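Student: Structure, please.
(2 chains)
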Amino acid sequence: GQQLNQSPQSMFIQEGEDVSMNCTSSSIFNTWLWYKQDPGEGPVLLIALYKAGELTSNGRLTAQFGITRKDSFLNISASIPSDVGIYFCAGSVTYKYIFGTGTRLKVLA
Amino acid sequence: DAMVIQNPRYQVTQFGKPVTLSCSQTLNHNVMYWYQQKSSQAPKLLFHYYDKDFNNEADTPDNFQSRRPNTSFCFLDIRSPGLGDAAMYLCATSRRDIHTDTQYFGPGTRLTVL
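Tutor: Numbering: from 1, shown residues only, chains lettered A, B, ... in the order given. Predicted coordinates for the structure are as follows:
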């Protein structure tokens, strides 16, 4: 099925560093969602974006809905070891979601 | 707390032996989804229900079926599991709302096929 381009694919960072990842699409979306998935668990919703240009924060996480409606980014500030996991973006037009390929984040203490 | 619940969390079955995975939700969402996820790949949509309307993805094998007897429950039936069907199966829900469409996942069922 269709997938979104998500980058980077993986990253190692030091604890305390800021992290940035993004998703791009050739299609326009009405909604962007960002999830974090831990091993053996289901994805947990982090941030939901519903309007082009929207910037939303959730604690140390900030995400933006691109103005063209074809991209979104997620920033994590001052990373901590528990931020390790796989981050997925998902975009939708109606109620069917297209997922990004995932960014695997590893935080070095 | 309102949530998506999946049972069991771990399921072991034998090659060719039918298996049923269950999902329930207390969110009162009208859309329920089943995804298959392998090896940290992105979840792959198998099918979804919008209320009672069943929507199958074109590449979902016939071996996979689903039932939604009421708003709260949805089942995934694998009629003859093969080794390639070993995966994490994720149930998700969303409320059909053009302004605030948001999808929530359950914890998943890890299926092992022997």
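Student: Around chain B, which positions in chain A sit nearby?
Tutor: Selection of chain A residues close to chain B by C-beta under 8 Å from any C-beta of the partner chain yields A:1, A:3, A:30-31, A:33, A:35, A:40-45, A:48, A:50, A:86, A:88, A:90, A:92, A:94-97, A:99-102, A:104. To be clear about C-beta, it is placed using only N, CA and C from the backbone, and glycine gets the same treatment.
Student: So which of those belong to strands?
Tutor: Among these, DSSP state E puts A:31, A:33, A:35, A:44-45, A:48, A:86, A:88, A:90, A:92, A:97, A:99, A:104 in strands.
Student: Is there a quick PyMOL command that grabs whichever of those are buried?
Tutor: Applying 16 or more other C-beta atoms under 10 Å in any protein chain shown to these, the buried members can be selected in PyMOL as follows:
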select buried, chain A and resi 31+33+35+45+48+86+88+90+92+97+99
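Student: out of the ones in strands among the residues of chain A next to chain B, who's nearest chain B?
Tutor: A:Phe99 (3.9 Å; C-beta to the nearest C-beta).
Student: ok, which stretches of chain B are helices?
Tutor: For chain B, no helices are identified by DSSP state H.
Student: Quick check: bridge partners of the residue most central in space within chain B?
Tutor: The centroid of chain B falls nearest to B:Trp34 when counting by C-alpha atoms, centre = their mean (2.7 Å). Beta bridges link B:Trp34 to B:Phe47, B:Cys91, judged by DSSP bridges.
Student: tell me the contacts of it?
Tutor: B:23, B:45-48, B:64, B:66, B:74, B:76, B:89-91 (C-beta atoms under 8 Å, 6 or more residues apart in numbering or on different chains).
Student: Same list (those) but as TSV, adding neighbour count and pLDDT.
Tutor: Output for the contacts of B:Trp34, formatted as TSV (neighbours: other C-beta atoms under 10 Å in any protein chain shown; pLDDT from 0 to 100):
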residue	neighbour count	pLDDT
B:Cys23	26	97
B:Leu45	22	94
B:Leu46	20	96
B:Phe47	18	94
B:His48	24	94
B:Phe64	19	97
B:Ser66	21	97
B:Cys74	26	97
B:Leu76	24	97
B:Tyr89	25	98
B:Leu90	28	98
B:Cys91	26	98
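Student: quick check, nearest of those to A:Gly59?
Tutor: If you rank the contacts of B:Trp34 by distance to A:Gly59 using C-beta to C-beta, B:Leu90 comes first, at 24.5 Å.
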